[in-house]
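Colleague: What shape does this take:
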Amino acid sequence: MRWSQLYVPTLREDPADADAVSHRLLVRGGYVRQLMAGHYSLLPLAVRVRARIMDVIREEMTAIGAQEFVLPALHPAEIWRRSGRWEAMGEEMFRLSDRKGADLALGMTHEEIFTVLSQELRSYRDLPQRWFQFQTKFRDEARPKSGLLRVREFTMKDSYSFDVDQAGLDRSFDLHRAAYERIFARLGLPVIAVRASSGSMGGSASVEFMSPSAAGEDLVVRCPGCGYAANTEKATSALPAVADGPGPDAPERFDTPEARTIDELARLHGVPAERQVKTLVYVVDEELTLVLLRGDHGLVEQKLVDTLAATAVRPATAEEIRAALGASPGSLGAVGVTGLPVLADEALRGRTDLTTGANTDGVHLRGVSVERDLAVRRWADLREVAAGEACPECGTPLEVVVTIEVGHIFKLGRTYTERLGVSVLGPDGERVVPVMGSYGIGVERVLAAIVEAHHDDKGIVWPSAVAPFEAAVVVLGGDERVREAAEALYRQLRGERVDALLDDRDERPGVKFRDVELIGVPFRITVGARGLAEGTVEVTVRATGETRTVPVGEAVDHVRELLTAGG
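Modeller: Numbering: from 1, shown residues only. This is a model prediction of the structure:
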């Protein structure tokens, strides 16, 4: 490709609204342009990178026996209703009606649609099946941000496995996990495989692939000792044992007119946060529910959702709280509460002589024994793990890392095949319901995550496996000999199957160098009159900035060697 014919609208300044590094550099480098919040046009350079990412994914999926499909992005509501997710997906699903009034959805994911196709499987001999596609997904994100990292329209590689039994699912799951590890390694993207919540997907287990990045929105808890790693929605830790006194025979009221928060109660009344019971009020599937935690612990809402298998969860309003408990937030507690479900975090189990709100504004109770005074209906791990807490498996202090989710794999089980009526003839002649797995990679998010991991103050530093071009031949000046030599090198590179870009623009050398660095081409061959007079050109490695002078006749072989060595 000749730069003079290529559409690359590079910018000299950062876009004002770009927060993430990838957002800033992809806009500056002429890769993307925003149409509206959460919707981006991919320009030619981005399309080339996207295609190379998809090629790597496709190769690894094919290697584990997966077959490629392309399914519709517009789905009839009836299928989603049969699976139970028409309501469960909530406001994130784009819903619309056609001219006949039929309810439709823009697909967020394709479990239901692939399951419908699997209804044509007849026998256990047809299994296992592993199917995948690249398809546009739509999610009505409340706060799209950070360029391609959080959008409302994106490409996903989603794949699905169908097996006769759990052992078969385990095999398909392990094959996908290994394929994902190879994919991210080939893309040059560092990832941590972590235990995760299955969320609205359902199923028995899931693993997320998280790329460490300051631009991420997900927290991963990991152990530097044994390798334990989990999303905060799934993470646990070992807390030190707490020695409580017996306390009084019954809770005692005391006035706290100025204490409306955990911190204020600690500061004004000398009650440490770890000796307080925090009472949160949530509406869970339209039922008011009390959630109890230690005062210094935070709630992970997804843990609450998973514990209760809830469809809709939200904090109760101040009006709902006062109507149910007779007090405002800041003076709430579960002592004496009847008629409302009470959930408590495991860290409170067995605790005595604690302090909590009295459900009277400006009043608290001291001397509370959790199991004596609180009608806990259910115990669960609900709290957020903090850095420095002990690993649950080896005791080493845990780390908390900010990450970007780039892939997620699920053991779905039989949820979708049962609800959508899929069965095959088993080896004993009886009908068998296949067991499913689901496996996703967000293509454009991976593209952005690679930029987050590979950049410097000059621009993007693409790994050669995904770069829009592997080498750029930069022509300096208008000398005819220089142009002819550059053209010859460009043709030779292409003949050697090196994806090359010829910068034949009538621009100053500084502009050309800055643009090649900004868009992130791994190798640059600079052809100038001074070097040609000595029979040489310069080869520059983008990742290191190292420049080497080589004979013209050896330049292409040198670039090939660099590409073979991985850049």
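Colleague: show me the residues around the nearest residue to Asp373 once chain neighbours are set aside that make contact.
Modeller: Spatially, and ignoring its direct neighbours in sequence, Asp373 is nearest to Val335 (5.0 Å; CB to CB, 6 or more residues apart in numbering). Any C-beta I mention is one placed from the backbone N, CA and C, and that applies to glycine too. By CB atoms under 8 Å, 6 or more residues apart in numbering, the contact list for Val335 reads 251, 356, 358-359, 365, 368, 373-374.
Colleague: Spatially central residue for the chain, please.
Modeller: Taking CA atoms, centre = their mean, the centroid of the chain lies closest to Glu405, which sits 2.0 Å from it.
Colleague: Would you agree that one falls within a strand?
Modeller: Yes. The assignment for Glu405, made by DSSP: H, G, I helix; E, B strand; the rest coil, places it in a strand.
Colleague: That one and Pro212: what is the separation?
Modeller: Distance, Glu405 to Pro212, by CB to CB, to the nearest Å: 12 Å.
Colleague: Give the rounded mean pLDDT of the helix or strand hosting Met61.
Modeller: Per DSSP states H and E, Met61 falls inside helix 44-63. For helix 44-63, mean pLDDT rounds to 98.
Colleague: just stretch 446-459 next, same as before
Modeller: In this model, stretch 446-459 has an average pLDDT of 97.
Colleague: and what of stretch 326-334?
Modeller: Mean per-residue pLDDT for stretch 326-334: 94.
Colleague: related to what we said a few turns ago, nearest to Ser206, of the contacts of Val335?
Modeller: When the contacts of Val335 are compared for distance to Ser206 (CB to CB), Leu374 wins out at 32.7 Å.
Colleague: if you skip the residues just before and after it, what's nearest to that closest one?
Modeller: That would be Ala334: by CB to CB, 6+ apart, it lies 4.8 Å from Leu374.
Colleague: Near Gly478, how many other residues are there?
Modeller: Using other CB atoms under 10 Å, Gly478 has 9 other residues around it.
Colleague: Compute the distance between it and Cys391, please.
Modeller: On the measure of CB to CB, Gly478 and Cys391 end up 65 Å apart.
Colleague: Report all helices and strands that the strand or helix carrying Arg530 contacts.
Modeller: Applying DSSP H and E as the criterion places Arg530 in helix 529-533. With contacts taken as 3 or more CB pairs under 8 Å, 6 or more residues apart in numbering; DSSP states H and E, helix 529-533 sits against helix 480-495.
Colleague: Do I have it right that Gly395 meets Leu239?
Modeller: No. Look at Gly395 against Leu239 with CB atoms under 8 Å: they stay out of range, at 11.6 Å.
Colleague: before we move on, back to that, quick one: residues in contact with the helix holding Met61.
Modeller: 6-8, 26, 29-32, 42, 68, 130, 132, 134, 155, 157, 159, 179-180, 182-183, 186-187, 441, 443-444, 446-447, 462, 465-469, 519.
Colleague: all strands in the stretch 251-400 of the chain, in order from the N-terminus.
Modeller: 252-255, 277-284, 287-294, 313-315, 342-345, 354-360, 363-368, 378-380, 399-413 (DSSP state E, counting those that start in this stretch).
Colleague: Same list (those strands) but as a markdown table, adding mean pLDDT.
Modeller: Shown next, in a markdown table, are the strands of the stretch 251-400 of the chain (pLDDT from 0 to 100):
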| stretch | mean pLDDT |
| --- | --- |
| strand 252-255 | 96 |
| strand 277-284 | 97 |
| strand 287-294 | 97 |
| strand 313-315 | 94 |
| strand 342-345 | 97 |
| strand 354-360 | 97 |
| strand 363-368 | 96 |
| strand 378-380 | 97 |
| strand 399-413 | 95 |
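Colleague: quick one, which of those strands is nearest to Arg82?
Modeller: Nearest of these (CB to CB): strand 399-413, 15.4 Å.
Colleague: next helix or strand past that closest one?
Modeller: Following strand 399-413 toward the C-terminus (DSSP H and E): helix 415-419.
Colleague: Output that following helix as CSV - backbone C-alpha positions only.
Modeller: The C-alpha coordinates for helix 415-419 follow below in CSV (Å, rounded to 0.1, in the frame of the first residue of the first chain):
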residue,chain,number,x,y,z
THR,A,415,-29.8,-24.4,31.1
TYR,A,416,-30.4,-23.5,27.4
THR,A,417,-30.7,-26.9,25.9
GLU,A,418,-33.4,-27.9,28.5
ARG,A,419,-35.4,-24.6,28.1
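Colleague: Which neighbouring elements make contact with it?
Modeller: Where contact means 3+ CB pairs under 8 Å, 6+ apart, helix 415-419 is packed against helix 77-83, helix 111-117, strand 435-442.
Colleague: rerun at 10 Å
Modeller: helix 77-83, helix 85-88, helix 111-117, strand 435-442 (3 or more CB pairs under 10 Å, 6 or more residues apart in numbering; DSSP states H and E).
Colleague: chain center to that helix: distance?
Modeller: Mean-position distance between helix 415-419 and its chain equals 26 Å (CA atoms, centre = their mean, to the nearest Å).
Colleague: Show me which positions of that helix end up buried.
Modeller: By neighbour count with 16 or more other CB atoms under 10 Å, helix 415-419 contains the buried residues 415-417, 419.
Colleague: Let's have these in CSV, adding distance to Glu487.
Modeller: Output for the buried residues of helix 415-419, formatted as CSV (distance: CB to CB, whole Å):
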residue, distance to Glu487
Thr415, 60
Tyr416, 57
Thr417, 59
Arg419, 62
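Colleague: Between those, which sits nearest Ala543?
Modeller: Nearest member of the buried residues of helix 415-419 to Ala543, counting by CB to CB, is Tyr416, at 44.4 Å.
Colleague: mind listing what the residue nearest to that closest one when sequence neighbours are not counted touches?
Modeller: Nearest non-adjacent residue to Tyr416, counting by CB to CB, 6+ apart: Thr115, 4.4 Å away. Residues near Thr115 by CB atoms under 10 Å, 6 or more residues apart in numbering: 79, 82-83, 160, 162, 412, 415-422, 434, 436.
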